[in-house]
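1. let's see this in three dimensions:
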Amino acid sequence: MTEPASRTQIIIAIIGLVGALGTALLYNWKTIFPKNPVERTSTPSSSPVKPAPAEPMPETNSSSPSEPNKTPPSQPDPPVLQPPPAHATLNRGTLKNSLHTGAKLYFYDFEHSQQLTECSGDADFFIKPNNPSNPDTTITVTPCGLAKYAPHSPNRRPWLVPANMFVGRGHKPRPVYQDQWIPCRTGRGNYCQFVLKLEANGDFIIKFGVFAEH
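-> Next up, the predicted model:
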């Protein structure tokens with residue numbers, strides 16, 4: 001075969017190949033180049049997704065519709081404790097009697113701050129040291145009229161002392177110790193208190209206070 005003939009055959013083969021490729025390209029054009037390209041899916045974000053808030057559950061009534069709600073019976077209110085009435089100082093004073101000079105013993109009226117010679121009128125108590133020469137002696141207190149007194153009651157005002165602790169005229173006198181406040185009630189019913197002291201020089205000192213309710 002001559003050289004021009006072989007070139008002609010090669011050119012014809014190339015043209016046939018190009019034609020076949022073109023035909024195939026035209027036949028599959030829509031497949032290779034679609035009108036709406038496929039959208040790429042976006043990569044999920046790395047930030048956490050907040051869950052939606054949960055809806056509140058509806059309230060349920062545990063009691064049966066046919067059975068009414070049972071409420072506990074009401075309890076009576078506890079009694080209200082009334083505070084004790086207030087008291088104001090009606091009188092306060094000090095009385096002194098010098099026993100070593102031969103002075104006589106007296107009856108004492110706390111409401112009027114006076115010494116009396118008998119158990120009558122406004123007299124409240126007759127007070128006598130059992131041993132006037134002994135500064136540590138106990139003292140006898142005898143009520144007059146309706147006056148009363150009670151044993152020493154630490155940290156209690158006279159109106160806070162129970163009534164059954166007071167003794168009046170006709171009861172056996174109780175020994176009273178010095179330097180102790182003694183709760184009492186005067187012949188007129190007012191609360192009072194007194195403290196007794198026998199000094200070494202014979203001075204017998206009585207300090208007292210009288211209180212009125214208001």
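
2. what's the local residue count around the residue lying closest to Asp109 once chain neighbours are set aside?
-> In this structure, Asp109 finds its nearest non-sequential neighbour in Asp122, 4.4 Å apart by C-beta to C-beta, 6 or more residues apart in numbering. In short, each C-beta sits where N, CA and C put it, glycine included. Asp122 is flanked by 18 other residues according to other C-beta atoms under 10 Å.

3. and Asp122, how far from Gln193?
-> Distance of Asp122 to Gln193, given as C-beta to C-beta, to the nearest Å: 18 Å.

4. for the chain, what's the longest helix?
-> helix 3-27 (DSSP state H).

5. can you give me the mean pLDDT across that one?
-> With pLDDT averaged residue by residue, helix 3-27 scores 78.

6. Three-state assignment for the residue nearest to Asp109, please.
-> Secondary structure assignment for Asp122 (DSSP: H, G, I helix; E, B strand; the rest coil): coil.

7. close enough to count as contact, it and His112?
-> Yes: Asp122 lies in contact with His112 (C-beta atoms under 8 Å); the separation is 5.9 Å.

8. please tell me how far Cys192 sits from Phe125.
-> For Cys192 relative to Phe125 (C-beta to C-beta), the value is 9 Å.

9. tell me which of those two has more neighbours.
-> Phe125 (28 against 25).

10. what sits against that one?
-> Phe125 makes contact with 107-108, 110, 141-144, 147, 149, 184, 194, according to C-beta atoms under 8 Å, 6 or more residues apart in numbering.

11. mind redoing it with 10 Å?
-> Phe125 makes contact with 106-110, 119, 141-145, 147-149, 169, 182, 184, 186-187, 192, 194, 206, 208, according to C-beta atoms under 10 Å, 6 or more residues apart in numbering.

12. I'd say the residue nearest to Asp109 and Cys144 touch.
-> Yes: using C-beta atoms under 10 Å, Asp122 makes contact with Cys144 at a distance of 9.0 Å.

13. and Ala86, how close does it get to Asn134?
-> 41 Å.

14. can you give me the neighbour number for Pro158?
-> Residues lying near Pro158 (other C-beta under 10 Å) number 22.

15. quick check on it: phi, psi?
-> phi -60, psi -40 (degrees, to the nearest 10).

16. I'd say it and Asn190 touch.
-> Yes: in this structure Pro158 lies within contact range of Asn190 using C-beta under 10 Å: 9.3 Å.
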